[in-house]
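> Predicted coordinates and the sequence they were generated for:
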Amino acid sequence: MAAESDPIIAERIGRLREEIAYLKTERATVSSYQEYASNVRLKKAVERSLQVAIEVCLDIGRRIIAVEGLRHPEENREVFVVLYEAGILPGDLLPVLINMARFRNLIVHDYARVDDSQVYAILKQHLHDFEAYARAIAQYLEQR
């Protein structure tokens, strides 16, 4: 089965769009870092949505790697490296995606060290990184 017709990839891209839309809604409603930091429900929701969005990016990458028969990544960040090596992702996006994988590991495994200001900065300034990933994947799938 070719990657461009893969229903799993299509479903995951839809889920990524849902997470981005949710995060954009929250971004629009919170007007300051203080407002964000004092709202426990919002912090938990944003952290979880960011985690899911990153997991979805990793799922898409792993699926493409499997369908295309690319080398197996040993860890999360390497999923993006493999996609870059295969010409699927542009080089300028690679460091951003590696940071995403690191952030995901922090949220999942070292949650006591999550810095509210870092999460707020991602919410306010880096949602476009997810959109850039989705565009790169869509472009790759269109060219296949």
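Sure thing, it's come through. A quick note: this is a predicted structure, and the numbers were derived from the prediction, not measured.

> Spell out the secondary structure type for the residue most central in space within the chain.
Among the residues of the chain, I54 comes closest to the average C-alpha position under CA atoms, centre = their mean, at 3.0 Å. Judged by DSSP: H, G, I helix; E, B strand; the rest coil, the three-state class of I54 is helix.

> what does the model give it for pLDDT?
I54 carries a pLDDT value of 98.

> which SSE is the residue lying closest to Y133 once chain neighbours are set aside in?
Excluding the flanking residues, the one nearest Y133 by CB to CB, 6 or more residues apart in numbering is C57, at 5.5 Å. C-beta: built from backbone N, CA, C; applies to glycine. Using DSSP states H and E, C57 falls within helix 40-68.

> Likewise for G87?
For G87, there is no helix or strand it lies in under DSSP H and E.

> okay, it: pLDDT?
Looking at G87, its pLDDT is 96.

> That one: how many residues sit nearby?
Using other CB atoms under 10 Å, G87 has 9 other residues around it.

> ditto for Y140
There are 18 residues near Y140, going by other CB under 10 Å.

> residues in contact with the closest residue to it other than its chain neighbours?
Nearest non-adjacent residue to Y140, counting by CB to CB, 6+ apart: I88, 4.6 Å away. By CB atoms under 8 Å, 6 or more residues apart in numbering, the contact list for I88 reads I64, A136, I137, Y140.
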